[in-house]
Structure formats: structure tokens, C-alpha cells
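> need a structure here:
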Amino acid sequence: MHASAGTIVGRRDGRTRRFLGIPFAQPPTGARRFAAPVPRGRFRQPYDASRHGPTSQRVPLFATTTVPEPSVPGDDVLNLGIVAPAADDDRGPFPVLVWIHGGGFLAGSPASPWYDGRAFARDGVVRVTVGYRLGVDGFAVLDDVPTNLALRDLLLALDWVRDNIAAFGGDPDRVTVAGQSAGGAAVLALLSSPARDGRFHRAVSLSGGFFEARAVPDFLDRLAHGLDVPATRAGFGGPSVEELQRAVLDLRDERGDDRPVLAPFVGDDILPVPVADGLAAHGHDVPLLLGATGDEFDSGADSSGDGRRGGTRRTDTLFRAACPRAAAARRAARAGTWLYSFEWPSPVLGGAAHCVDLPYFFDVLDAPGVARVLGPNPPRELATSMHADLAAFVHGREPGWARATGALGDPAREYGRPGAALVADTTGVFDPVVRSGSGPGAGPRSGSASEAAGAC
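Reported below is the predicted structural model:
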């Protein structure tokens with residue numbers, strides 16, 4: 001494949017082409033470790049893109065993660081992977097889905113088989129996965145270090161997509177940026193940023209939230225003390241990336257809090273104002289689809305109990321409350337905002353848990369690790385419907401349910417609620433709690449927008 005970046009050699013898998021591990025920036029090592037990303041020069045020789053590139057993750061978030069998240073060694077962690085329809089597919093040029101993985105801003109891998117793009121390629125979409133710096137390397141606020149390095153990595157990757165994706169059959173004028181969990185939060189941050197500057201044209205946030213830092217976290221001082229180094233660029237540059245990631249995860253576990261210990265920083269050129277304020281000011285020309293799972297971090301609890309009725313679960317305060325807040329912030333936007341709620345309960349995890357919607361949205365129920373999390377018989381028709389909705393949105397079609405404005409009784413698309421149709425339009429899914437226990441906002445599907453305002 002001959003692109004502006006040079007000749008890139010991938011592999012063909014039936015009617016799908018794969019180009020993996022393509023560096024879009026210089027390796028963030030040595031003097032570049034805590035510096036803004038530097039664009040990769042043109043390849044002088046054909047580049048072998050037949051396998052996944054190195055990952056920023058050196059240490060997984062947990063010993064066992066819901067999503068299979070392989071760590072790949074190497075320095076070229078700022079790379080991207082492309083899965084595209086066959087070159088002789090005459091449906092192109094194709095819209096592009098740029099996927100940002102989750103992992104609490106500390107871990108995660110773009111090489112997960114749950115993010116495979118074969119179903120998107122089948123449906124006429126070019127899927128791109130992106131690697132970005134994690135943890136201290138991507139989000140620390142230090143003297144003489146640019147803030148929001150991870151977001152700068154993502155913006156540079158989007159520049160690469162703009163300049164090169166046409167060679168892979170993609171349309172640079174139809175780019176959707178999407179992500180889940182920390183990746184979904186990154187999508188909302190990018191959408192709220194004045195630095196977005198037309199780099200993408202649609203946005204999807206799955207289980208994202210307003211995760212942001214508005215001051216230098218004391219976590220960095222505690223981390224530096226434990227490592228016996230100063231909380232400076234030189235100090236944190238001493239330990240290897242693996243040593244630093246392991247120390248961060250150990251200290252996070254001691255902290256005992258679900259909120260990210262490192263997150264996008266508010267107060268620079270990338271995020272000059274909090275994300276909610278930025279959404280009210282920017283990205284009004286970008287349609288947004290966002291939602292959350294019904295139980296996120298509260299799987300296994302009685303979904304009809306007081307916790308869910310009260311709207312004070314971690315699920316509500318960390319994730320679901322961001323949905324009506326984003327819709328309200330974008331009320332004046334020319335482009336629409338649409339909400340969804342994923343309610344199918346995994347029989348293994350005991351609820352509509354964090355991440356269990358991913359195999360449905362990507363339509364990869366046969367991927368490794370899916371049966372371990374979803375059980376042996378996940379409903380195929382749910383994956384068909386959910387993936388079709390996402391692919392249609394990427395193609396530029398307006399969702400088949402009404403827009404949201406952040407008001408009580410906002411419409412949403414609900415997926416997989418027990419006792420209801422697998423796919424149904426509904427209202428009031430994200431309504432703030434009605435504490436009397438009656439009325440349209442009460443019951444097991446309610447959440448609290450107001451209580452989440454200070455939670456992230």
C-alpha cells in the first residue's frame with residue numbers, strides 16, 4: 001500500500017485487509033519520553049505491518065481483565081492498526097472509525113481481539129485502533145513537561161489518519177472517533193477541546209465520563225516518595241516504564257478508590273476549561289452517540305434493590321450521570337446527541353457489567369475470551385442490532401430514535417433489558433432519581449446526574 005507515510009505492507013484475510021503496528025510518531029523514549037509526540041518520517045523502505053505493534057501497557061490493570069489486553073514489548077508504542085475492506089471493494093471510499101481503548105488511563109491494549117475490525121470492514125467501514133501513552137508518561141503534570149501528552153498523541157494519530165487513510169480506502173472527511181471507558185472519556189475530552197480543529201466529524205463514547213484533573217494530584221508526590229525519586233521529569237524518567245506502571249498500580253490499589261488516579265488535565269491549550277464547559281462551547285458540528293451499561297462497576301448486586309433506585313451506585317456517579325450532562329451541555333449544538341443504555345445481564349458477571357457491551361458493538365461474539373465473560377449463549381441478534389446501529393452512525397446516518405437534550409424523560413435506545421425486546425426505544429433511562437420512590441424517574445433504571453458532578 002502506497003501512502004503519504006510510505007509503502008506499507010499488510011496482509012489479506014479473505015475480503016479484509018490488515019495493516020498493523022504502523023508507527024505514527026517517533027518512539028517516546030530517551031529525551032522524547034516526556035515530550036510532545038514527534039511525527040514519524042516517511043518510511044524509506046517498505047514497512048512490514050503484518051503484526052500488532054508494541055503497546056504502552058507493560059502491566060495489565062488487573063491480574064485478570066474482562067477484555068483480553070495483550071502487552072506487546074517494544075519502544076514504538078505510538079502506532080496504529082488498520083482493518084479495511086478489500087482493495088477491489090467498489091463501495092468505497094469508506095467512512096473511518098478510530099478506536100481509543102480503555103483501561104483507566106493506566107493500562108489497556110489496542111491489540112485486543114475484542115476490537116477486531118472484521119465486522120466493520122464487512123459493513124464498509126475502515127477501523128483504526130490507536131496506541132497512546134499511559135499513566136505517568138501520558139498524564140502526569142510536571143514542570144517542563146507538556147500537559148495531556150496522551151491527548152496530544154491521539155491528536156497526532158488523527159493527523160496521520162487525515163493524511164494517509166485514503167490510501168487504505170478510507171474517507172478522511174468522514175472520520176468517527178470512538179472509545180470505551182477511559183477511551184470514551186478521551187472522546188468527550190477531545191470533543192470539548194478547541195484543539196480538535198476538524199480532525200474528526202462524529203463521536204461515540206461508550207461508558208465514558210467526565211474524568212479530569214483540575215490540579216496537580218498529590219498522588220504523584222506519594223508515588224515519587226515510594227520510588228525514592230523527586231516528583232520531576234528527571235525523577236520519573238529514572239524508573240523504566242514497566243517499573244513506573246507497576247508502582248502506579250500498586251499505589252492505586254492502596255488508595256481503594258474507583259476514580260482515576262491520573263486523567264486529562266484541565267487548564268492548558270488542549271483542555272482550557274472542564275469537559276462539560278468545553279462541550280457547551282465546542283464540537284457543535286459533531287454528532288455524538290453516548291451511553292453506558294446498566295451496572296458498570298456494580299455487577300452482582302440486586303439490580304432491583306435500593307442501591308439502583310437511589311442512583312448513588314458507582315455506576316451512576318462515575319458513568320451514567322455523564323450521559324445527561326453531556327446532552328445538556330450540547331443542547332444548543334447544531335448536530336444531535338443520542339443516548340443508549342446497555343442492559344443485557346451477563347450470567348457470568350451477574351449484571352450489565354463494564355465492558356460486556358464491547359463484543360456486541362464490534363459484533364465479535366466468537367472472539368477469544370467472550371464466552372468466559374458472556375457465557376456460552378450470548379444473543380446473536382443483539383450483536384447484529386447493536387453493531388448495525390453503530391455502523392450506521394459511522395456511515396453518517398442519523399440514529400433511529402429521538403435526540404436527547406439532557407431533560408427529564410430524554411429518549412434513549414435500550415439494549416437487552418430482561419423482559420423487554422432486545423432492542424427498544426425508551427424514555428427516562430437516565431433521569432435523575434426521584435427519592436419518593438415513585439414517578440417516571442424512580443425504579444431500577446434511574447441514575448443521579450447531580451451527585452456525579454464532583455465525583456470525577
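> hmm, which helix or strand of the chain has the shakiest average pLDDT?
helix 306-310 (a mean of 62; mean pLDDT, DSSP states H and E).
> Which SSE is immediately downstream of that one?
Downstream of helix 306-310, the first helix or strand assigned by DSSP states H and E is helix 314.
> pLDDT on that following helix, on average?
Here helix 314 scores 88 as its mean pLDDT.
> Could you list every helix and strand that the helix or strand just after it packs against?
Helices and strands here follow DSSP H and E; after helix 314, the next one along the chain is helix 322-329. Applying 3 or more CB pairs under 8 Å, 6 or more residues apart in numbering; DSSP states H and E, we find helix 322-329 packed against helix 275-281, strand 288-293, strand 337-342. Using the backbone N, CA and C atoms, a C-beta is placed for each residue, glycine as well.
> Roughly how far does residue 136 sit from residue 209?
21 Å (CB to CB, to the nearest Å).
> do the same with residue 34
In this view, residue 34 and residue 209 are 26 Å apart by CB to CB.
> the more surrounded of the two?
The residue with more neighbours, out of residue 34 and residue 209, is residue 209; 30 against 21, by other CB atoms under 10 Å.
> same for the host helix or strand of residue 129, what does it pack against?
For residue 129, the enclosing helix or strand under DSSP H and E is strand 126-130. Applying 3+ CB pairs under 8 Å, 6+ apart, we find strand 126-130 packed against strand 79-85, strand 94-100, helix 118-122, helix 149-164.
> buried stuff in whichever helix or strand comes after the longest one?
The first helix or strand that comes after helix 149-164 along the chain, using DSSP H and E, is strand 170-180. Neighbour-count burial for strand 170-180, with 16 or more other CB atoms under 10 Å as criterion, is recorded at 170-172, 174-180.
> Can I get those residues in CSV including distance to residue 348 and pLDDT?
Output for these, formatted as CSV (distance: CB to CB, whole Å; pLDDT from 0 to 100):
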residue, distance to residue 348, pLDDT
170, 36, 98
171, 39, 98
172, 41, 98
174, 37, 98
175, 35, 98
176, 31, 98
177, 31, 98
178, 25, 98
179, 24, 98
180, 19, 98
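> hang on, residue 412 is in a strand, isn't it?
Yes: applying DSSP: H, G, I helix; E, B strand; the rest coil, one finds residue 412 inside a strand.
> pretty sure it is in contact with residue 423, am I right?
No: with contact defined as CB atoms under 8 Å, residue 412 does not reach residue 423; the gap is 11.6 Å.
> Pick out whichever of these two has more residues nearby.
residue 412 (24 against 19).
> Contact partners for that one?
Applying CB atoms under 8 Å, 6 or more residues apart in numbering, we find residue 412 in contact with 291, 338-341, 401, 404, 425-427, 429-430.
> Need the pLDDT of it.
Residue 412 carries a pLDDT value of 97.
> Excluding sequence neighbours, find me the nearest residue to it.
Nearest residue to residue 412 in three dimensions, chain neighbours excluded: residue 339, at 4.0 Å (CB to CB, 6 or more residues apart in numbering).
> Kindly report the same for residue 347.
Looking at residue 347 with CB to CB, 6+ apart, the closest residue is residue 375, at 4.5 Å.
> Just give me the neighbour total for that neighbour.
Neighbours of residue 375 (other CB under 10 Å): 12.
> any idea of the pLDDT on it?
In this model, residue 375 carries a pLDDT of 96.
> That one touches residue 346, doesn't it?
Yes: in this structure residue 375 lies within contact range of residue 346 using CB under 8 Å: 6.6 Å.
> closest to residue 65 out of the helices and strands packed on strand 126-130?
Proximity to residue 65 (CB to CB) singles out strand 94-100 among the helices and strands packed on strand 126-130, at 16.8 Å.
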